[in-house]
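Asks: Turn this into a model:
(one chain, ligands or ions: 1)
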Amino acid sequence: MGQTAHGSQRCRSWCRPIRRAAMIKASAPGSIMITGEHAVVYGHKAIVAAIEQRVFVTLTPRDDQRVVIRSEIADPLEIALADIAIEGPYRFVLAAVLQHRAQLPSGFALDIRSEINPTLGLGSSAAVTIACLGAIARYAGAALEDLHARAHKIILDIQGRGSGADLAASLTGGMISYDNTGEISPLPLPPQLGLKYCGYKTPTAVVLQRVAEDSKGREDEIATLYQDMGESAQHAIDAALTQDWQRFGAELTRYQGFMETLGVSDDVLDQIIADARTTAQATKISGSGLGDCVLSLGTLPQGFTAARVAEQGLIIDG
Ligand SMILES: C[C@@](O)(CCO)CC(=O)[O-]
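Replies: Okay, the predicted model is just below:
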């Protein structure tokens, strides 16, 4: 900028040290499905719990209109705010940026660090989405009240299906009952929960698609099955509310039977569950099935790891 007749006056304002917007830190926990899988996608209730493995995000404001995203799981991405498209390994994060593009004061760098093993179905995409959305919304000065609905929209736009249960647990922490209208209620915590990874995983979107295809021509049968699953999840919620963990366990065991009828268990999962039942009070698949994790309640069976429920959901600092 050249010197003008008003140069010295102008200098008094723009030569002042610029107060840079502060860094924002956010974190959110991963989650595990306790019961209600699949039926929750079709309007029934589920129980989901946040776990003590978190995603940490640091948002550092930039002086330009560019966004830089760095993490351990993919190459860094640098892109102009104006050019953002929802694609690639950072698509959930980019969708969160797009939701706030008009309100952002400038570009920023986003550093993402995760304690959650992305191979396991521990809600890592949901935790990344909630933590990034929280940090970006705070930077944009946007309201945080409807964060779950906005995060759910991101998941539905990208995956086409998804109940948003994992997003709810990442947001609130604790163990909660959830339905896909976004109704969330805290529940008392059960005694010891355990998890065992079966060694492979089918992505949730693929399992949901397969179940939807297998349901064609059997719509009434599947609707009745979802109804039974929903009732079992509701009984488990009622049992949790009265801390009747015996009844709670019985409903988890019953739910595994429904998962088998739905066709999302397999020989490996069946065997892990059968072995674990000699020790644990209850065992079932946790999540969409066709791989991934088995959940146990009560005494930890051999090969299972304790799953500690995280009390704190989304935390935003700055
Ligand atoms: C299978 C499902 O119910 C649980 C996946 O963890 C899918 C969903 O809730 O979005």
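Asks: For whichever residue of the stretch 1-150 of the chain sits closest to the ligand, the count of nearby residues, please.
Replies: Among all residues of the stretch 1-150 of the chain, residue 37 sits closest to the ligand, at 4.0 Å; criterion: Cβ to the nearest ligand atom. The way it works is simple: take the backbone N, C-alpha and C, and place the C-beta from them, glycine included. By the measure other Cβ atoms under 10 Å, the count of residues near residue 37 is 28.
Asks: ok, now which ones touch it?
Replies: Residue 37 sits next to 46, 255, 259, 285-289 when contact means Cβ atoms under 8 Å, 6 or more residues apart in numbering.
Asks: Let me have those residues in a markdown table, extended by neighbour count, distance to the ligand and pLDDT.
Replies: Output for the contacts of residue 37, formatted as a markdown table (neighbours: other Cβ atoms under 10 Å; distance: Cβ to the nearest ligand atom, whole Å; pLDDT from 0 to 100):
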| residue | neighbour count | distance to the ligand | pLDDT |
| --- | --- | --- | --- |
| 46 | 29 | 7 | 98 |
| 255 | 26 | 12 | 98 |
| 259 | 20 | 10 | 98 |
| 285 | 28 | 9 | 98 |
| 286 | 27 | 8 | 98 |
| 287 | 26 | 4 | 96 |
| 288 | 24 | 4 | 96 |
| 289 | 29 | 7 | 97 |
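Asks: Tell me where the protein has strands.
Replies: Ranges of strands in the chain, per DSSP state E, are 24-35, 46-61, 66-70, 77-80, 108-114, 175-179, 183-187, 193-197, 282-286, 293-297, 305-306, 315-317.
Asks: burial of the residue lying closest to residue 305 once chain neighbours are set aside, as a residue count?
Replies: Nearest in space to residue 305, with sequence neighbours left out and distances taken as Cβ to Cβ, 6 or more residues apart in numbering, is residue 195 at 5.7 Å. If you count neighbours by other Cβ under 10 Å, residue 195 ends up with 20.
Asks: pretty sure residue 195 contacts residue 287?
Replies: No: contact criterion Cβ atoms under 8 Å: residue 195 and residue 287 do not qualify, at 10.1 Å.
Asks: hey, what's in contact with both of those two?
Replies: Both residue 195 and residue 287 are in contact with 32, 293, where contact means Cβ under 8 Å, 6+ apart.
Asks: Against residue 156, how distant is the residue of the stretch 51-200 of the chain found nearest the ligand?
Replies: Going by Cβ to the nearest ligand atom, the ligand is nearest to residue 163 of the stretch 51-200 of the chain, at 3.3 Å. The gap separating residue 163 from residue 156 is 10 Å, by Cβ to Cβ, to the nearest Å.
Asks: what's the answer for residue 81, then?
Replies: For residue 81, the distance to residue 156 (Cβ to Cβ) stands at 24 Å.
Asks: More neighbours: these two, which one.
Replies: Between residue 81 and residue 156, counted using other Cβ under 10 Å, residue 81 has the larger neighbour count: 17 against 13.
Asks: Go ahead and confirm the residue of the stretch 51-200 of the chain closest to the ligand touches residue 178.
Replies: Yes: counting by Cβ under 8 Å, residue 178 is a contact partner of residue 163 at 7.4 Å.
Asks: what's the overlap in contacts for the two?
Replies: Joint contacts of residue 163 and residue 178 (Cβ under 8 Å, 6+ apart) are 40, 46.
Asks: Within range of the ligand, give me the residues from the chain.
Replies: 33, 37-38, 40-41, 121, 162-163, 165, 204, 287-288 (Cβ under 6 Å from any ligand atom).
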